Structure formats: C-alpha cells, structure tokens
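In: From the sequence below, what's the structure:
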Amino acid sequence: MIYKYTLKILLPIILSVIAFYINQQWILELAKTCENIFINLLKLISLPVVFFSITSTISKLTNFMEIRILIKKTTFYTIITTIIAATIALITYILINPSSKNIILNTSIIKEHIDTQSYLSYLISILPHNFIKVFLDNNIIGCVILAFLIGGALLSLPDQSKRELLNKILDALFDTFLEITKFILKLMPIALWSFITVLLYNLNDGYNLSSILKYLSCIIIANFIQAFIILPLLLKLKGISTIKTFRGIMPALIVAFFSKSSTATLPTTLRYTQDNLNISKKVSSFILPVCTTINMNACAAFILITVLFVSEINGYTFSISEMLLWVFLATGGAIGNAGIPMGCYFMAMSYLISMKIPLNTMGIILPIYTIIDMFETAINVWSDVCITQVVNKEYCITDKKSIRKE
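Out: Next comes the predicted model:
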C-alpha cells in the first residue's frame, strides 16, 4: 500500500521534470488543460460538499447544546492558533528585519489600478439573498450561513418523522458527493503531473524572487514554525500523534498546495480525515467546513508581515506597541476574509490603503503571491485538520462523560 502510494507521487514528479526539460509549448498547454479540468472538478463539488456536510451533520445532532459545544471549541482553537501565528510572524519579522535596506532594486513604476471598493463590496455580497446565487457565485461564507440556517431550522421542526426524513435525504446527498470526490481523486496522479509541470514552467519564465528574498523568507519561516512546531506541539499536548496525522492527511495537503484553495480541497480533506484518521463523520463534517471559513493561520502571518514590510519600505515606522496591535489586526483580518479569492492579499492591501501607504510594492509582491499562496493554503488545511483532531478528542471525552451521567 505504501509503495503504491509513493509511486503515485514520485512518478508524476519524474514525468514533470522530464516534461520541463523537453520544453515544448504543447506540453505546457496540455498540463494547463489538465490542471484547469481538475481544479474545476474540485470547485464543482466543493460547495455542495460544504453545504450538505453541515446540514446533514446538524440534522444528526440531538439538540442545540451539541452545536454550541462544537462551535465553542472550534472557535477557541481557531482564535488561539491564529493569534500565535501572527505573533510568530511578528517575531520573525523583527529578527530578519527585511526592510532594513531598500531590497527592492531596479523596479519601474508599476501602475496598478486597484478597485478600493472590491473588498468591501465582496464582504457585503457574502450575505445570501438568493439560494441559487450562493452556489452560482461560489460564495463559501454565504453557503455556510445558509447551511446553518437550514440545519438549525430542521432541528426546530416539531414533527420527528419529518426531521428523520430530511436527515436521510441530506445524508444520502452528502454521501453521493463524497463518492464523486473519490472518483475525482483517482485522477490525482495526472493532476499532480500537470500542477508540477505548470509550476516549473512558471518559475522558469518569470518569477524573480531575488529582489524580495528577505520578505519571502520571512513569510515562509514564520509559516513553517507554525506548521511544524506550534501545531504539532498542540497535538502532542492533547496526546495525538503528529506523524500519524500528517501521513493520514498528506494527499489533502498536496491537493491544497497545488490547487491553492482550501475550499476546493475540502472534499479531499473530509475523506482522508474520516478514512485515515478515524475522525467521526459527525465531527469532521461539521468542524472542517467551519474551519475552512474562519481558520486562516498562514493568512494572519502574511497580512502582518506584508503590512509592516510595505509600510516600512515607504518610510513608515512602528513602535513596539503598534506592532503588537497589528498581531490582533492581522488575526481579525485573517478570520474575516476566509473564502475571498486572494483574500490575504486584498486584506493587507485594504489596511495599507486605510494608512495611505503607496501600493507600488504590492504590485511587485503580486507575481510571487501565487507561490506564497500555495504554502499558505497547505498550512491552513493542516491547521484545520489539527484543530479537528483536537476538538474530536475533546468532544468524544465530553460525550462519554454525558453518557455516564445519564
């Protein structure tokens, strides 16, 4: 089993390197086509999976007390881990001090036409006003709100037979979409080949990271500390195996890295948390969609480092107290922008606009944001899984205590 899994990963990587050295345009076009097809298939099922996972899970809960317990625990660990991520980002930024020299050399004036209202407009538009439009617009936050409303209303139905009937329908639909997910995941080796091939061509053609290497290393180091030290420490404190968790969820992390979308990765994450980590369907189907919409550890690090870096490059200075304040501003911004395309980038830019900081540097960051986004998405999904593991264990303990009392 292990050899088969390893072969499915190594073979696409080897073929990608060969395709890169052949250096034919038709190979790149083929890889882009395969990449787009796979991502579109994931997007096709991602929102229905979110919707039916939440509604079917809520419909199984016996009362609102269970919902409150799960949300309380999930929110607590989300806020704590995100604050820690922002704090680590601040410490890393102070130690590396990427703005100590004007490291952005040989840059021409970049005329960026930024729609300053785009972010605010999106925040307003996330509140659903049309059932179908939520799915047509791929509105993940609107979908979660709608799912909670329907799930809550279903629990309030006085007729037990109606509740049971709707629960069976929602559960059957959820299982149907999970079966579709399993079929799509069989295409993973082809998708992996296309992702890596396109990435190699992009790196060769136009990604010059040398001018902002300190800035980039700052973000990567901060995120790696969060992913490989803080989150494993949280798991260890709760008596959960980090290695087992990491191995079990590895396929989902690969999809997250190359798809750059935690929402599109959600069906994969759900499958492997249930199959490989033995997390109950009730808990994983409820917590993971919620985490996907609010848990953005890596995003908090990006917002804090980017705002400080761009501001200081343009002559703005921060006191220690102001930097500490940015830990909480970055945390709030990260939690508040989940589900927005390039949300971390736009949130950082919104803060800079409010401070009247020139946005030329953001134009230079934009081309490499694709690479940053790949790491961030994988780390966000890893954080989602770690929180789900912790909440699942605590919920099971609470559930056993409740049974003993009864």
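In: which residues does Asn295 contact?
Out: By C-beta atoms under 8 Å, 6 or more residues apart in numbering, the contact list for Asn295 reads Thr78, Thr81, Thr82, Ile335, Ala338, Asn380, Ser383, Asp384, Ile387. Where you see a C-beta, it was placed from the backbone N, CA and C, and this is true even at glycine.
In: Swap in 7 Å and give it another go.
Out: Applying C-beta atoms under 7 Å, 6 or more residues apart in numbering to Asn295 gives the contacts Thr78, Asn380, Ser383, Asp384, Ile387.
In: measure Ile94 to Ile37 for me?
Out: Using C-beta to C-beta, to the nearest Å, Ile94 is found at 44 Å from Ile37.
In: right, I mislabeled it, should have said Gly151
Out: The spacing between Gly151 and Ile37, counted by C-beta to C-beta, is 32 Å.
In: Of these two, which one has the most company?
Out: Higher neighbour count among Gly151 and Ile37: Gly151, with 23 against 14, using other C-beta atoms under 10 Å.
In: Okay, and the more buried one sits in which element?
Out: helix 140-156 (DSSP states H and E).
In: And the next helix or strand past the helix or strand of the chain with the lowest mean pLDDT?
Out: The helix or strand of the chain with the poorest confidence is helix 118-125; it has a mean of 54 (mean pLDDT, DSSP states H and E). Using DSSP H and E, the next helix or strand after helix 118-125 towards the C-terminus is helix 131-136.
In: where does the stretch 251-400 of the chain dip in pLDDT?
Out: Within the stretch 251-400 of the chain, the set of residues satisfying pLDDT under 70 comprises 336-343, 363, 366-367, 397-400.
In: how about 90 then?
Out: The model of the stretch 251-400 of the chain has pLDDT under 90 over residues 255-267, 280-283, 285-286, 289-296, 310, 312-317, 319, 322, 329-374, 394-400.
In: Can you show me the helices along it?
Out: In the stretch 251-400 of the chain, the helices defined using DSSP state H, counting those that start in this stretch lie at 262-275, 281-294, 297-313, 320-336, 343-354, 360-405.
In: Okay, angle between the fifth one and helix 297-313 too, please.
Out: Using axes from the mean of the first three to the mean of the last three C-alpha atoms, to 10 degrees, the direction of helix 343-354 lies 30 degrees away from that of helix 297-313.
In: Next: the fourth one.
Out: Taking the same axes, to 10 degrees, one finds that helix 320-336 is oriented at 140 degrees with respect to helix 297-313.
In: Give me the distance from helix 320-336 to the chain's centre.
Out: In terms of C-alpha atoms, centre = their mean, to the nearest Å, the centre of helix 320-336 is found 19 Å from the chain centre.
In: pull the CA atoms of that helix into CSV?
Out: The C-alpha trace of helix 320-336 is given here as CSV (Å, rounded to 0.1, in the frame of the first residue of the first chain):
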residue,chain,number,x,y,z
ILE,A,320,6.6,48.1,19.7
SER,A,321,3.1,48.7,21.0
GLU,A,322,1.8,49.4,17.4
MET,A,323,3.4,46.2,16.2
LEU,A,324,1.7,44.3,19.0
LEU,A,325,-1.6,45.9,18.0
TRP,A,326,-1.0,44.5,14.4
VAL,A,327,-1.0,41.0,15.8
PHE,A,328,-4.7,41.4,16.6
LEU,A,329,-5.5,43.3,13.5
ALA,A,330,-3.9,40.6,11.4
THR,A,331,-5.8,37.9,13.3
GLY,A,332,-9.1,39.7,12.8
GLY,A,333,-8.3,40.3,9.1
ALA,A,334,-7.4,36.7,8.6
ILE,A,335,-10.5,35.3,10.2
GLY,A,336,-12.7,37.9,8.4
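In: Could you pull out the buried residues of it?
Out: Within helix 320-336, the residues that count as buried by 16 or more other C-beta atoms under 10 Å are Trp326, Val327, Leu329, Ala330, Thr331, Gly332, Gly333, Ala334, Ile335.
In: Check which helices and strands it sits against.
Out: Applying 3 or more C-beta pairs under 7 Å, 6 or more residues apart in numbering; DSSP states H and E, one finds that helix 320-336 contacts helix 64-96, helix 297-313.
In: switch to 10 Å and redo it
Out: Contacting helix 320-336 under the criterion 3 or more C-beta pairs under 10 Å, 6 or more residues apart in numbering; DSSP states H and E are the following elements: helix 64-96, helix 281-294, helix 297-313, helix 343-354.
In: and the angle for the longest one with helix 297-313?
Out: If I follow you right, that is helix 64-96. Using the same axes, to 10 degrees: helix 64-96 against helix 297-313 is 40 degrees.
In: and stretch 302-313, how far from the chain's centre?
Out: Relative to its chain's centre, stretch 302-313 lies at 21 Å (C-alpha atoms, centre = their mean).
In: Restrict it to CA atoms and write it as CSV.
Out: The C-alpha coordinates for stretch 302-313 follow below in CSV (Å, rounded to 0.1, in the frame of the first residue of the first chain):
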residue,chain,number,x,y,z
PHE,A,302,1.1,37.1,5.6
ILE,A,303,-1.1,40.2,6.5
LEU,A,304,1.1,41.2,9.4
ILE,A,305,4.5,40.8,7.6
THR,A,306,3.2,42.4,4.4
VAL,A,307,1.7,45.4,6.1
LEU,A,308,4.8,46.1,8.2
PHE,A,309,7.2,45.4,5.2
VAL,A,310,5.4,47.6,2.7
SER,A,311,4.8,50.4,5.2
GLU,A,312,8.5,50.5,6.4
ILE,A,313,9.8,50.3,2.8
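In: what's the neighbour count on the closest residue in space to Glu394 that isn't next to it in sequence?
Out: Nearest residue to Glu394, sequence neighbours excluded (C-beta to C-beta, 6 or more residues apart in numbering): Lys73, at 6.0 Å. Using other C-beta under 10 Å, Lys73 has 18 other residues around it.
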